[in-house]
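Undergrad: 3D, please:
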Amino acid sequence: MSRLVEEASSRKSQAQRFIDNFAKYYIPVVVLISASIAVVPAALSVPDIEPWFHLALVVLLSGCPCALILSTPVAIFCALTKAAISGLLLKGGDYLEALSRIKTVAFDKTGTITRGEFIVTDFSAADDINNETLLYWISSIESKSSHPVAGEGISGTIDGRDIYIGNKRIGVRASCKKDDCDVQFQRHEISSKKQNCGETLVGVFSLVDACRTGALEAMEELKLLGVRSVMLTGDSSQVAMYVQNQLNNAIDIVHAELLPHEKAQIIENLKKEGPIAMIGDGINDAPALATADIGISMGISGTALANETSNAILMSNDIRKVPEAIRLARKTTRKLIENVVVSVGFKCAILVLAIAGYPLVWLAVLTDVGTCLLVILNSMLILQQDHKYDERESTKSKYGDFLKDKIKPLLNKQSNVDEEKGLISSEECGKGCCKTVTPHVETTTSRKDESFGVSKLRLAKGNDNGNFMFVEVHVVKPCNDFV
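TA: Purely as a prediction, here's the structure:
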C-alpha cells in the first residue's frame, strides 16, 4: 500500500506534464527577452537607461511562471489527499483527470453492488441423496473458490464421484439432461445452483444476495452527475432483474450471463460513446478493469489481481464513494482552470502596465508572490469537507431493526421454553434484582456456514449479576453492519 501511495505522488498528470514541458522552453525565452531590454539600450548609448532597466525587471518578474508551475501539482496533490481520506486510493494524478471526464460507470454485481453474502432460500436433494451428504459436497468444493459462489460453476472429485456445481453452462458440461436442467433452473426466479453427480441431477439450491447499503444512493448520485450506470454480471437475467428491482430500476443498462471476456468486450463498445469507469472485485473482472479508461477495484473484498489491474482502489465497500470521487475530480479540474487564469491574468495585467509606461517593480514583486499564494490557497479549498452520508445512523437504525426482528423473537422463544422446563419464573420477584439487559451477541462461523451465508449465533440474556443464559441457533447471516 505504501508503494502505491509513493507511485501516486510521483506520477504526474497530463496537465502537469504539459506545463512542465512548456516551462522548460518558456523560462529561457523570458530571460532572453528581459536581458535584451536591459542590454540593447545600453549598447546603443541611450541617454536615460534607468526606465529600461525597470522595464526589464518587470518583464522578468511578470514572465516568471512560479504560480503557473504551482497551479497544477498543488491542486492534484490536494485532490489525491482528499480522495485517500474519503476512501479512494488513486494510483496517479492522470487517473484523476480521466475520472473527471467519465460518462459511464460499469459495475460488477456480486461483491460490488451486492454484498456477496448469499442467503439460501430453497434447498432440495434427490430422493437417493440425503441433505447432509449434499451439504458436505457443496461446502467442500465451494470453499476452494475465490468467488463467493462459483460463477459458471466449479467441479471436483469427492469419494470417487465427479461433483459439478453451477448454472446452465456447468450442467451442459456435466452432460446433464437438458430438460432436467432447464426445468430446475427456471423454477427459481432469483438464483439457482445445481449439483450434478455424473450425469444425474442430484439437487438444487437457490440463493439471494442483498444489495449493499448505499447502492441506490450511488446510482441516483450518478444520474445527478449526468453519468450512466451499467451492471455487468455473469449471473442469469432473473438475478440481474431482481437486483434491478431492489434498486428501483436505478441502473440504466443491465447485461447478464456474461463471461469475463464478454464483459471486456462490452466495456470496449461503451468506450466508443465516451470515457468509462469499471468497478469490480474478482478475478473475472480483471479484463474489464484493464479495458476501461479507469478501473476501480474493491479494496476490502477485491482479489489481488483486481487490485493490481485497477487504476484506483476503493478502500471500503461503500460504492457511494464513486460518485463522490467523480465530483471531486470535476472540482479539481475547475480549480486547475481557475489557477491558470489567476496566474496568467495578473501577470499579463502587470506586463501591460509596464509597456504602457508604468514599470512598477514593487507591484510586479507583490503580484508574483501574491499569485503564488492565491493559487495555493485556492487549491487547498479542495480539502474542504463536502456532503457525506451519515453511515453511522443508517447502521444504527438497521442494527435496531435486526435486534427487533431476529434476535428478540429468538430470546422470547427460549424464555418460553425455559419457563416450561421450570428454569426461570414467568413472574419477577419484585425485589429489583431482575433487570432487563441488552442482548449480547457472539458470532461463530464455520467454512460450511460461510458457503451459505449462515451464521451460528449464541444469544445471551440475563441480569446484572452476570447470570447469562445462552441459546444457540442457526439464522441467516445479516449484512456486515451487524456481524
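Undergrad: Thought V365 was touching C64, still the case?
TA: No. Contact criterion C-beta atoms under 8 Å: C64 and V365 do not qualify, at 10.0 Å. C-beta coordinates here come from the backbone N, C-alpha and C atoms, glycine included.
Undergrad: what's the domain layout of this structure?
TA: Using automatic domain parsing, the domain ranges for the chain come out as 2-85+326-383, 94-112+211-324, 115-209, 391-476.
Undergrad: returning to that earlier point: C64 and V365: which has the busier surroundings?
TA: When neighbours are counted by other C-beta atoms under 10 Å, C64 and V365 differ, and C64 comes out ahead with 21 against 14.
Undergrad: From A288, how far out is the nearest residue to P287 once chain neighbours are set aside?
TA: Spatially, and ignoring its direct neighbours in sequence, P287 is nearest to A264 (4.0 Å; C-beta to C-beta, 6 or more residues apart in numbering). Using C-beta to C-beta, to the nearest Å, A264 is found at 5 Å from A288.
Undergrad: Going by how many neighbours each has, rank these two and give me the top one.
TA: Legend: neighbour count by other C-beta under 10 Å for A264 and A288, higher for A288 (28 against 21).
Undergrad: Tell me the spacing between the more buried one and T157.
TA: 32 Å.
Undergrad: How about L383?
TA: Separation of L383 from T157 (C-beta to C-beta): 57 Å.
Undergrad: OK, contacts around K335?
TA: Contacts for K335 were tallied using C-beta atoms under 8 Å, 6 or more residues apart in numbering; they are 75, 378-379, 381-382.
Undergrad: ok, it to A329 distance?
TA: Going from K335 to A329 by C-beta to C-beta gives 11 Å.
Undergrad: Phi, psi for G203 please.
TA: With angles defined as degrees, to the nearest 10, G203 sits at phi -180, psi 170.
Undergrad: Mind pulling up the pLDDT for it?
TA: Looking at G203, its pLDDT reads 79.
Undergrad: same deal with the one 4 residues further on?
TA: Turning to L207, the model gives it a pLDDT of 75.
Undergrad: and if you look at the one 4 residues further on?
TA: You'll see C211 listed with a pLDDT of 88.
Undergrad: Let me know how buried the nearest residue to it once chain neighbours are set aside is, in neighbour terms.
TA: Spatial nearest neighbour of C211, excluding adjacent residues (C-beta to C-beta, 6+ apart): Q246 at 4.9 Å. A count of nearby residues for Q246, using other C-beta under 10 Å, gives 17.
Undergrad: Surely Q246 is in contact with T213?
TA: No. Q246 is beyond contact range of T213, at 12.0 Å (criterion: C-beta under 8 Å).
Undergrad: Let's verify the closest residue to A306 other than its chain neighbours: helix, strand, or coil?
TA: Spatial nearest neighbour of A306, excluding adjacent residues (C-beta to C-beta, 6+ apart): S297 at 4.2 Å. Going by DSSP: H, G, I helix; E, B strand; the rest coil, the secondary structure assigned to S297 is strand.
Undergrad: And the helices in the stretch 251-400 of the chain?
TA: For the stretch 251-400 of the chain, applying DSSP state H, counting those that start in this stretch gives helices covering 260-271, 286-291, 304-309, 321-355, 361-380, 391-402.
Undergrad: Go through the fourth one and flag the buried ones.
TA: Residues of helix 321-355 classed as buried under the neighbour-count rule (16 or more other C-beta atoms under 10 Å) are 321-329, 331-333, 335-336, 338-340, 342-343, 346-347, 350-351, 353-354.
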